[in-house]
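Engineer: Next input, structure requested:
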Amino acid sequence: MSDANAGVAPADDLLESAPETAYLWGHVAGGGQIERAQFTVSTGDETCANRLAVIAGGGDIDRRETAREYAHNTAVTRVKDEYRVTVDGDVVRSASAAFGLPVGDDAGGYRFDVFEDRRKQLLRGLLESCGTVCFKSSSGTVGISFVHDDRALLETVDRLLDACPVNAPTGEIGETSSGGYWFGVDDDAAAGFGEWVYEGSDETNLFAPTRRRKLVRSLEEAENA
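Structural biologist: Here you go, the predicted structure:
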């Protein structure tokens, strides 16, 4: 994989608060698997994979095809490309402790206070890694929800949304048919939150192009509904 089009630079310190570190650890928390000195982040966007690897200071990227069940209907599956970014080093162990990330079978506490001034980038990483965006044709609105196997992570995301500067009320956390958990941003507020969370992303390149395009399309459909 080439990082020529990543458009980002390595983070100065992965344990310090910065837009790129908030975005990276949002992805790790929402879509990663963490061991003692290694994390693997999965994304369906090749450019995003390259960007995450560059921010982390390097990493192996493995492309594969995966078949996944839809979170709300396990009878339906979809096959797509998946890019797995694996990063090794002592900084992973240090970050796991500093941010309360789950390691192996050990539960996490998710301490993201250091990113209080980078909440937008943290939530963007979380949205891209464990969030869903769609256009709801039945109501003519944008739908945004978060889905994850760890209820504690979704409770953390809910608190982050409650503290963000735009109005983003949410529903109750419920169980999915696959045994995980999910909650949604209220339809009336989803479009405003989506616009805010990607605001300024062109200036930093901290976004997954395919995920941002899907949001833009959903916003356009809602405007024309």
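Engineer: Show the residue spans covered by the strands in this structure.
Structural biologist: Using DSSP state E, the strands of the chain run over 32-35, 38-43, 60-70, 73-88, 131-136, 141-148, 174-175, 181-184.
Engineer: List the buried residues of the third one.
Structural biologist: Pointing back at strand 60-70 there. Neighbour-count burial for strand 60-70, counted by 16 or more other CB atoms under 10 Å, picks out residue 61. C-betas here are computed from N, CA, C, even on glycine.
Engineer: now the angle between strand 141-148 and that strand, please.
Structural biologist: Put simply, strand 60-70 runs at 110 degrees to strand 141-148, going by axes from the mean of the first three to the mean of the last three CA atoms, to 10 degrees.
Engineer: helices or strands up against strand 60-70?
Structural biologist: Helices and strands touching strand 60-70, as assessed by 3 or more CB pairs under 8 Å, 6 or more residues apart in numbering; DSSP states H and E, comprise helix 46-55, strand 73-88.
Engineer: can I get the strands of the chain in a markdown table with mean pLDDT and distance to residue 190?
Structural biologist: Shown next, in a markdown table, are the strands of the chain (pLDDT from 0 to 100; distance: least, CB to CB, whole Å):
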| stretch | mean pLDDT | distance to residue 190 |
| --- | --- | --- |
| strand 32-35 | 94 | 25 |
| strand 38-43 | 96 | 22 |
| strand 60-70 | 80 | 19 |
| strand 73-88 | 80 | 21 |
| strand 131-136 | 95 | 8 |
| strand 141-148 | 96 | 4 |
| strand 174-175 | 96 | 17 |
| strand 181-184 | 97 | 8 |
